[in-house]
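> Following is a predicted model, sequence given first.
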Amino acid sequence: MTLRWSHLGHLMCLIILFHTIAASDPGTKDIIYRWLGAGHLHFEAPVESGAGLPRGVCNRGYGSLGIAMKRQIIGLGVALVMTSLGCTESASSALTPLDVGVNSGEADGAVHAGRWQTVHPGGDTLCSRGDPYRFYFRAGDSRKLVVYFQGGGACWNEFTCSVADAIFSDKVNEPEDLNTWTDDRYQAGLFDTSPNGLFADWSILYVPYCTGDVHWGNATVDYNDRLTIHHRGYLNTKAALEFAYARVEDPSSVFVTGCSAGAYGSILNSARIATQYPDAIVSVLADSGAGIITNSFLLDSFPNWNALSHLPEYLERLQAPLETLSIEDVYISIAETFPNHRFSQYTTAFDQDQIFYWEAMGGDFREFAPRLKASLDNIEGAVPNFRAYYAPGSMHCITVYPFFDTRTVAGVRFKSWLEQLVVGDMPPDSVRCSGDSCFDDPVCNACAEDASGPGCNFCSNWPDRHLDSPEGD
């Protein structure tokens with residue numbers, strides 16, 4: 001492959017990480033060499049960078065070294081260093097809740113229908129390492145609003161928050177990146193402005209992500225003497241929503257969604273949005289963020305975000321001890337509170353990115369698919385207004401990719417399914433692959449033919465790694 005300066009930057013990052021791991025426990029060096037020699041590390045063909053994500057030396061996005069390679073090394077490092085250094089312990093003693101006051105926001109230029117507007121909210125909004133926060137708004141039909149929460153990983157302890165932006169996005173993408181991303185339709189789907197676009201004429205609030213807390217946090221945490229992280233996802237989201245509320249005052253339809261970390265932002269904040277718009281039909285699609293986590297993460301690391309401090313009191317099911325809660329409770333509580341609204345998840349059976357974080361938390365990848373399926377079953381069994389679209393393969397996210405238009409499971413096209421969820425008289429039935437059909441994925445098969453396509457990094461180990469994994473039937 002062609003060596004580029006970006007390759008050298010990534011290699012520098014990985015070399016530093018390697019030596020950090022080895023220094024913490026010299027015996028791990030042999031483990032890493034054996035791991036590499038077993039063929040777990042591989043280079044991939046260069047692909048385009050995902051313009052919706054910030055880029056850095058240790059970019060978590062679609063960099064030319066290949067996301068699978070970087071994540072495999074980072075994942076191994078997380079597991080080894082967390083074990084050797086005890087990094088899973090809570091840093092709550094250094095956690096400082098923040099005030100919730102924000103400014104109304106200053107926008108760049110006048111509002112023009114169909115064009116993205118950059119908004120600098122100021123106040124207490126901030127990115128994880130102190131960079132200023134901003135968000136984007138595209139004016140359209142004032143009766144129809146999309147609220148989109150950007151994804152970009154997470155960090156929860158000294159190690160995961162210190163590895164530059166390799167495991168989470170720590171800056172907001174540039175406005176020109178957003179315009180290129182949506183205008184060129186590199187990642188189409190939700191942002192398609194062509195006549196075929198499902199939300200082409202809707203107003204859209206784009207909530208960027210740079211806080212490592214799945215848009216839930218309200219804390220500043222000193223993970224060590226030189227590492228302070230501002231988990232301000234809650235405050236940043238609050239500022240963005242207040243801006244949208246002032247410009248879209250009385251919509252009839254609201255669609256709340258987000259990819260990856262943004263999926264969690266979408267479900268929790270849908271309750272606040274539904275409260276703001278009591279006369280609207282609110283539909284939610286949490287895209288590829290199913291909340292399959294380990295107990296150790298829930299009890300030792302999740303508290304660092306201070307997310308429970310600002311939960312709405314009307315979500316009664318969530319007013320309980322942390323050790324008794326799960327992501328299922330979040331969905332069930334919100335769906336019970338708003339029975340006329342529609343809630344859903346999209347995921348693939350073997351989502352490579354969700355499995356990466358599951359393993360980083362100490363989970364066994366073979367347990368992921370059965371746990372995922374059980375979680376969806378439990379939510380759907382508890383509330384009648386929840387649906388799931390459960391697709392084959394290991395691809396991560398759908399709302400921002402071209403196969404948003406073509407993905408079909410059990411004869412049901414995703415785009416048509418979503419349209420019925422959002423604007424149909426009745427929500428659609430759940431759609432799921434099962435058994436062998438979960439191993440037959442046209443999207444990852446196409447990536448095997450041409451690995452340069454958007455998102456193909458998430459198919460890098462498909463299907464070999466998962467052939468012995470139970471699907472959950």
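Here it is on my side, so go on. Numbers count the residues shown, from 1 in each chain.

> What segments of the stretch 151-300 of the chain are strands?
For the stretch 151-300 of the chain, the strands defined by DSSP state E, counting those that start in this stretch cover 202-207, 219-224, 227-231, 253-259, 281-287.

> and the longest strand along the chain, what does it pack onto?
For the chain, the longest strand by residue count, based on DSSP state E, is strand 141-149. If you count contacts as 3 or more C-beta pairs under 8 Å, 6 or more residues apart in numbering; DSSP states H and E, strand 141-149 packs onto strand 202-207, helix 233-247, strand 253-259, helix 261-276. Every residue, glycine included, has its C-beta placed from N, CA and C.

> give me that answer again for 7 Å
Under the contact criterion of 3 or more C-beta pairs under 7 Å, 6 or more residues apart in numbering; DSSP states H and E, strand 141-149 touches strand 202-207, strand 253-259, helix 261-276.

> List of residues touching the helix or strand hosting residue 415?
Assigned by DSSP states H and E, residue 415 falls within helix 414-423. Residues outside helix 414-423 that contact it (C-beta atoms under 7 Å, 6 or more residues apart in numbering) are 198, 253, 255, 283, 285, 342, 344, 387, 389, 398, 404-405, 407-408, 427-428, 431.

> What's the ChimeraX line that selects buried ones from those residues?
Applying 16 or more other C-beta atoms under 10 Å to these, the buried members can be selected in ChimeraX as follows:
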select :198,253,255,283,285,342,344,387,389,398,404,405,407,427,428,431
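
> if we can go back for a sec, who are the packing partners of the helix or strand that the helix holding residue 415 is followed by?
Scanning forward in sequence from helix 414-423 by DSSP H and E, the next helix or strand is strand 431-432. If contacts are counted by 3+ C-beta pairs under 7 Å, 6+ apart, strand 431-432 sits against strand 386-391.

> Could you double-check that residue 293 lies in contact with residue 362?
No. Judged on C-beta atoms under 7 Å, residue 293 makes no contact with residue 362 at a distance of 9.9 Å.

> of those two, who's got more company?
residue 293 (19 against 16; other C-beta atoms under 10 Å).

> For the more buried one, grab phi and psi.
The phi and psi values for residue 293, taken as degrees, to the nearest 10, are phi -130, psi 160.

> Setting the sequence-adjacent residues aside, check what's closest to it.
The shortest distance from residue 293 to any non-neighbouring residue, by C-beta to C-beta, 6 or more residues apart in numbering, is to residue 361 (5.9 Å).

> Name the stretch among the helices and strands packed on strand 141-149 that sits most buried.
Ranked by mean neighbour count, the helices and strands packed on strand 141-149 are led by strand 253-259 with a mean of 27 (mean count of other C-beta atoms under 10 Å).

> Export only the CA atoms of that strand, formatted as CSV.
In CSV, the C-alpha atoms belonging to strand 253-259 read as follows (Å, rounded to 0.1, in the frame of the first residue of the first chain):
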residue,chain,number,x,y,z
SER,A,253,-44.2,15.3,13.3
VAL,A,254,-40.8,15.0,15.0
PHE,A,255,-38.3,12.3,14.2
VAL,A,256,-35.5,11.7,16.7
THR,A,257,-32.5,9.6,15.7
GLY,A,258,-28.8,9.1,16.1
CYS,A,259,-26.1,6.7,15.1
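
> just to revisit the earlier point, tell me the contacts of the residue nearest to residue 293?
293, 294, 296, 297.

> Just the buried ones from those residues, in ChimeraX syntax?
To isolate the buried members of those in ChimeraX, using 16+ other C-beta under 10 Å:
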select :293,294,297
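
> Go through the contacts of residue 361 and say which is closest to residue 150.
Closest approach to residue 150 among the contacts of residue 361 (C-beta to C-beta): residue 293, at 20.5 Å.

> For the closest one, give its distance to residue 314.
Separation of residue 293 from residue 314 (C-beta to C-beta, to the nearest Å): 25 Å.

> Name the nearest residue to residue 214, ignoring sequence neighbours.
Closest to residue 214 by C-beta to C-beta, 6+ apart is residue 264, at 3.8 Å.

> do the same with residue 393
Excluding its sequence neighbours, the residue lying closest to residue 393 (C-beta to C-beta, 6+ apart) is residue 441, at 2.9 Å.

> for residue 438, same thing?
Here the residue nearest residue 438, using C-beta to C-beta, 6+ apart, is residue 349, at 4.2 Å.

> number of nearby residues for the one you found?
Residue 349 has 25 neighbouring residues, counting by other C-beta under 10 Å.

> Can you pull the phi and psi angles for it?
Dihedral angles of residue 349 (phi, psi; degrees, to the nearest 10) stand at phi -60, psi -30.

> In contact with it, which residues are there?
If a contact means C-beta under 7 Å, 6+ apart, then residue 349 has 369, 390, 392, 433, 438, 471 as its contacts.

> Over to residue 175?
116, 118.

> Tell me how far it lies from residue 113.
17 Å.

> Point out where the protein drops to low pLDDT.
For the chain, the stretches with pLDDT under 70 are 1-112, 164-165, 179-188, 471-473.

> So which residues of it form helices?
Assigned helices in the chain, in chain order: 5-24, 28-37, 67-85, 158-162, 175-183, 233-247, 261-276, 295-296, 327-337, 352-360, 368-382, 414-423, 442-449 (criterion: DSSP state H).

> what number of residues lie near residue 468?
The number of residues packed near residue 468 is 7, by other C-beta under 10 Å.

> quick revisit: possible to save the helices and strands packed on strand 141-149 as a markdown table with distance to residue 126?
Compiled in a markdown table, these are given as follows (distance: least, C-beta to C-beta, whole Å):
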| stretch | distance to residue 126 |
| --- | --- |
| strand 202-207 | 14 |
| strand 253-259 | 20 |
| helix 261-276 | 16 |
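
> Select, out of those, the one closest to residue 450.
When those are compared by C-beta to C-beta, strand 253-259 sits nearest residue 450, at 22.3 Å.

> Can you name every helix or strand that that closest one contacts?
Other helices and strands packing on strand 253-259, by 3+ C-beta pairs under 7 Å, 6+ apart, are strand 141-149, helix 261-276, strand 281-287, helix 414-423.

> Quick check: bridge partners of residue 431?
With DSSP bridges as the criterion, residue 431 is bridged to residue 389.

> wait, isn't it in contact with residue 410?
Yes. Shown here, residue 431 and residue 410 form a contact pair, counting by C-beta under 7 Å, at 5.6 Å.

> For residue 393, see how far away residue 401 is.
12 Å.

> cool, residue 231 as well?
As defined by C-beta to C-beta, residue 231 lies at a distance of 32 Å from residue 393.

> related to what we said a few turns ago, would you check that the residue nearest to residue 214 makes contact with residue 216?
Yes. Between residue 264 and residue 216 there is a contact under C-beta under 7 Å: 6.5 Å.

> Of residue 401 and residue 393, which one has the most company?
Each of residue 401 and residue 393 has its neighbours counted (other C-beta under 10 Å); residue 393 has more, 26 against 23.

> contacting residues around the more buried one?
If you count contacts by C-beta under 7 Å, 6+ apart, residue 393 has them with 348, 350, 441, 443, 444, 459, 462.

> ok, back up a step: pick out the most distant pair among the contacts of residue 361.
Farthest apart among these by C-beta to C-beta are 293 and 296. That separation is 8.9 Å.

> what separates residue 215 from residue 265, distance-wise?
Counting by C-beta to C-beta - residue 215 and residue 265 are separated by 3 Å.
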